[in-house]
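Visitor: Below is the sequence, then the predicted model.
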Amino acid sequence: MAEERLVAQGIVKRYGSATVLHGVALTLRSGEVHGLVGHNGAGKSTLLKVLAGAVAPDGGTILLDGRPVSFASPAAATAAGIACVFQELSLLENLTVTQNLFLAREIASAGILDKQAMRETARRELAANGLNLTGDEKVANLPVAQRQMIEIIGALARNARVILLDEPTTALERGQIDRLVETLRRIARERDVAIVIVDHKLDEIFAVCDHVTALMDGRVVLDAPIATVSHEAVVESIIGQQEAARLQAQAPAVHATAAAKPSPILTARGVGAPRGLRDVSLDLAPGEVLGLYGLAGSGRSRLLRTLYGLEPVGHGTMRLRDRPYRPQSPRAAMREAVVFVSEERKANGFIPDFDAIRNCTLPVLRRHAWGGVIRRQEAEQEAIGVLERLRVRGDIHAPMSRLSGGNQQKALLAKAVLQRPQVLLLDEPTKGIDVGTKAEIHAFIRSLAAQSGVAVLVVSTEEEELLAVCDEVIIMQRGRCSGRRHEAARLDSTTLRRLALETTPEPVLA
Ligand SMILES: Nc1ncnc2c1ncn2[C@@H]1O[C@H](COP(=O)(O)OP(=O)(O)OP(=O)(O)O)[C@@H](O)[C@H]1O
Ligand SMILES: [Mg+2]
């Protein structure tokens, strides 16, 4: 039996009148990877923040190697050997990769920073984890997946005895996830570390964990060695028995047939952009959900950003409703009813101090204000309706920064929908969303297309997601996309991945 590294007992956390942790117990053993699961807002991040010294608990005890500890700050926890990768990435964007990796653990000799040693170590650690970087890159210029990898490398490199990872795989693609799973298992065993991973993707939990704990509304509802529990049992402990049964009974998505499709609302021909887009052609029609799949770095997010006016077009043509389309800014795109939900919710999603309702109505009110009359209440009622439909849990009248990560994501989707888009661009739409709500959101996206005629373009690293939500999928490779469509109903994850890797021209599907 592995030794107990960290034992938390009776952890209580209250925010105002709301209790979010009701006496939670968690035992982490050295050499083990421990999965922490639960619905959005269950209290997972809060629990990790308590263990990492970022949030002060209102009750309970923590023993580290048998001795009681209490951390007044994250720095105190770090000093005690606890490393944490928080859900919202926290790299300092204006520093380089190396500077971030060595933050608060700089290599120095005789009081002088040894920059050369740090650069070499950084490069080695980056390469060992499949990142082809020099370390001199500014973090701000890197894609999300790489930033996430760098955070994880930073935590692993700190020689911690306890490593806490809050949804570390949300921006990673399959290959990176496989490598991370392998690394975590190896590190746990070889260095005798206790690792916690919060993750909504249960296949990953089953692949990497020795033990699993599920929280529901701030209480432990499951705590068992992973080998003793079934997939269904874990789902049930996350969303409840009733909900699990309902989910099982839900009919699979009905995919639209290609024949009935109207002419495209948005087209791109030979589009290139200075940073990473080379030659993209695509058609997007009202009422369809089109998937865009590709490996990390293939230009998926860049394409969405270009369509939304966040990045300039270098060459090629784009047309919207049969007129030339070249948005100079998101505002210009929004005026054309083109709306984008970014995968970086922290950076460009919402105003943290405004409540969810206000965040949702903000772009709409601004639009209405030009007419002189603002129908605030009407807009708010509509916002509340959509927030409820997407099952946002938590206080939608409190600052949005207080919602859990998954619930913030739902609020951002609501905000996008309330803008009544005709073209909806979604980058990782269910990032951080629990298994119970995920299917709900897929159904919601499909109904937007089917019932309101919205043209939806979805980027996702999760193959299963694209296959569930899209009618057809187009593939991007190294900044190029031919626009050739692959019917989702005829694809599976493996085929999709193979298509993204293929270097020869894509085969024509029957
Ligand atoms: N600073 C805060 N003030 C008030 N309430 C908060 C604050 N931080 C978190 N909460 C609430 O605590 C509850 C638990 O949130 P937490 O972030 O721990 O959930 P989670 O399980 O990590 O969810 P997710 O899967 O969406 O990340 C939520 O209802 C959230 O709204
Ligand atoms: Mg969380």
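Guide: Sure, I can see it. Ligands and ions are numbered 1, 2, ... in the order given.
Visitor: check contacts around the residue in the chain positioned nearest to ligand 2.
Guide: Closest approach between the chain and ligand 2, counting by CB to the ion: residue 45, at 3.1 Å. Glycine gets a C-beta too; all of them are placed from N, C-alpha and C. Applying CB atoms under 8 Å, 6 or more residues apart in numbering to residue 45 gives the contacts 86-87, 166, 198, 404-405.
Visitor: hmm, try it at 10 Å
Guide: Counting by CB atoms under 10 Å, 6 or more residues apart in numbering, residue 45 touches 20, 36, 54-55, 86-88, 164, 166-167, 198, 404-406, 432.
Visitor: Quick check: phi and psi on residue 111?
Guide: Dihedral angles of residue 111 (phi, psi; degrees, to the nearest 10) stand at phi 80, psi 0.
Visitor: same check, this time on residue 320
Guide: phi -130, psi 130.
Visitor: before we move on, what about residue 193?
Guide: phi -100, psi 150.
Visitor: ok, back up a step: where is pLDDT lowest across the contacts of residue 45?
Guide: Of all the contacts of residue 45, residue 88 has the smallest pLDDT value, namely 75.
Visitor: Correct me if wrong: that residue contacts residue 405.
Guide: Yes. Applying CB atoms under 10 Å as the test, residue 88 and residue 405 come out as touching, 6.8 Å apart.
Visitor: which one of the two has more residues nearby?
Guide: residue 405 (23 against 15; other CB atoms under 10 Å).
Visitor: Using CSV, list the CA coordinates for stretch 463-474.
Guide: C-alpha atoms of stretch 463-474 as CSV (Å, rounded to 0.1, in the frame of the first residue of the first chain):
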residue,chain,number,x,y,z
GLU,A,463,-13.0,14.0,-32.5
GLU,A,464,-16.1,12.6,-30.8
GLU,A,465,-17.5,16.1,-30.3
LEU,A,466,-17.2,17.0,-34.0
LEU,A,467,-18.8,13.7,-35.0
ALA,A,468,-21.6,14.3,-32.6
VAL,A,469,-22.4,17.9,-33.4
CYS,A,470,-21.5,18.3,-37.1
ASP,A,471,-23.1,17.3,-40.4
GLU,A,472,-19.8,17.4,-42.2
VAL,A,473,-16.2,18.0,-41.4
ILE,A,474,-13.5,19.8,-43.4
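Visitor: Rounded mean pLDDT for it, please.
Guide: 95.
Visitor: What is the neighbour count of residue 7?
Guide: Other residues close to residue 7 by other CB under 10 Å number 17.
Visitor: residue contacts, it?
Guide: Counting by CB under 10 Å, 6+ apart, residue 7 has contacts 25-29, 61-66, 68.
Visitor: try 7 Å
Guide: Counting by CB atoms under 7 Å, 6 or more residues apart in numbering, residue 7 touches 27, 63.
Visitor: For the helix or strand it falls within, list every residue counted as buried.
Guide: Element membership of residue 7, judged by DSSP states H and E, is strand 4-15. By neighbour count on 16 or more other CB atoms under 10 Å, the buried set for strand 4-15 is 5-8, 11-13.
Visitor: before we move on, what about stretch 77-97?
Guide: 77-78, 80-87, 89, 91, 96-97.
Visitor: for stretch 427-444, same thing?
Guide: Using 16+ other CB under 10 Å as the test for burial, stretch 427-444 gives 427-442, 444.
Visitor: Show me the contact partners of it.
Guide: Residues outside stretch 427-444 that contact it (CB under 7 Å, 6+ apart): 39-40, 167, 170, 200, 202, 235, 238-239, 243, 247, 250, 253, 301, 304, 341-343, 389-391, 405-406, 409-410, 413, 445, 458-461, 465, 468-469.
Visitor: out of those, who's near ligand 2?
Guide: residue 405 (CB under 5 Å from the ion).
Visitor: Quick one: buried ones out of the contacts of stretch 427-444?
Guide: 39-40, 167, 170, 200, 202, 235, 238-239, 243, 247, 253, 301, 304, 341-343, 390-391, 405-406, 409-410, 413, 445, 458-461, 465, 468-469.
Visitor: Around ligand 1, pick out the residues from this structure.
Guide: For the chain, the residues in contact with ligand 1 (CB under 6 Å from any ligand atom) are 15, 20, 38, 40-46, 87, 394, 402-407, 432, 434.
Visitor: Tell me which residues touch residue 288, please.
Guide: Counted by CB under 7 Å, 6+ apart, residue 288 has contacts 256, 261, 449, 455, 471.
Visitor: And what about residue 408, helix, strand or coil?
Guide: helix (DSSP: H, G, I helix; E, B strand; the rest coil).
Visitor: ok, and the closest non-adjacent residue to residue 281?
Guide: residue 483 (4.2 Å; CB to CB, 6 or more residues apart in numbering).
Visitor: what about the one you found, distance to residue 267?
Guide: Relative to residue 267, residue 483 is positioned 9 Å away (CB to CB, to the nearest Å).
Visitor: Of the two, give the one with the bigger neighbour count.
Guide: Neighbours were counted for residue 483 and for residue 267 using other CB under 10 Å; residue 267 has more, 19 against 15.
Visitor: and that one, what are its bridge partners?
Guide: Taking DSSP bridges, one finds residue 283, residue 319 as the beta-bridge partners of residue 267.
Visitor: May I ask you to confirm that it is in contact with residue 280?
Guide: No. Using CB atoms under 7 Å, residue 267 makes no contact with residue 280, being 10.8 Å away.
Visitor: mind listing which of the contacts of stretch 427-444 are in strands?
Guide: 341, 458-459 (DSSP state E).
Visitor: With pLDDT added, can I get those in TSV?
Guide: Formatted as TSV, those follow (pLDDT from 0 to 100):
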residue	pLDDT
341	93
458	98
459	96
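Visitor: Closest to residue 117 out of those?
Guide: residue 459 (39.1 Å; CB to CB).
Visitor: Relative to residue 349, how far out is the residue nearest the centre of the chain?
Guide: Nearest residue to the geometric centre of the chain (CA atoms, centre = their mean): residue 431, 3.3 Å. Residue 431 is 11 Å from residue 349, where distance means CB to CB.
Visitor: Likewise for residue 78?
Guide: Taken as CB to CB, the span from residue 78 to residue 349 is 28 Å.
Visitor: what about the strands in the stretch 301-450 of the chain?
Guide: Ranges of strands in the stretch 301-450 of the chain, per DSSP state E, counting those that start in this stretch, are 315-320, 323-324, 338-341, 423-427.
Visitor: contact partners of the second one?
Guide: Residues outside strand 323-324 that contact it (CB under 7 Å, 6+ apart): residue 317.
Visitor: let's go with 10 Å and repeat that
Guide: Contacts for strand 323-324 (CB under 10 Å, 6+ apart): 317-318, 336.
Visitor: With ligand 1 as the reference, measure out to the closest residue in space to residue 379 that isn't next to it in sequence.
Guide: Nearest non-adjacent residue to residue 379, counting by CB to CB, 6+ apart: residue 361, 4.5 Å away. Separation of residue 361 from ligand 1 (CB to the nearest ligand atom, to the nearest Å): 20 Å.
Visitor: Next: residue 481.
Guide: Taking CB to the nearest ligand atom, one finds residue 481 at 32 Å from ligand 1.
Visitor: my read: that residue touches residue 291, true?
Guide: No. In this structure, residue 481 is not within contact of residue 291 by CB under 10 Å, at 11.8 Å.
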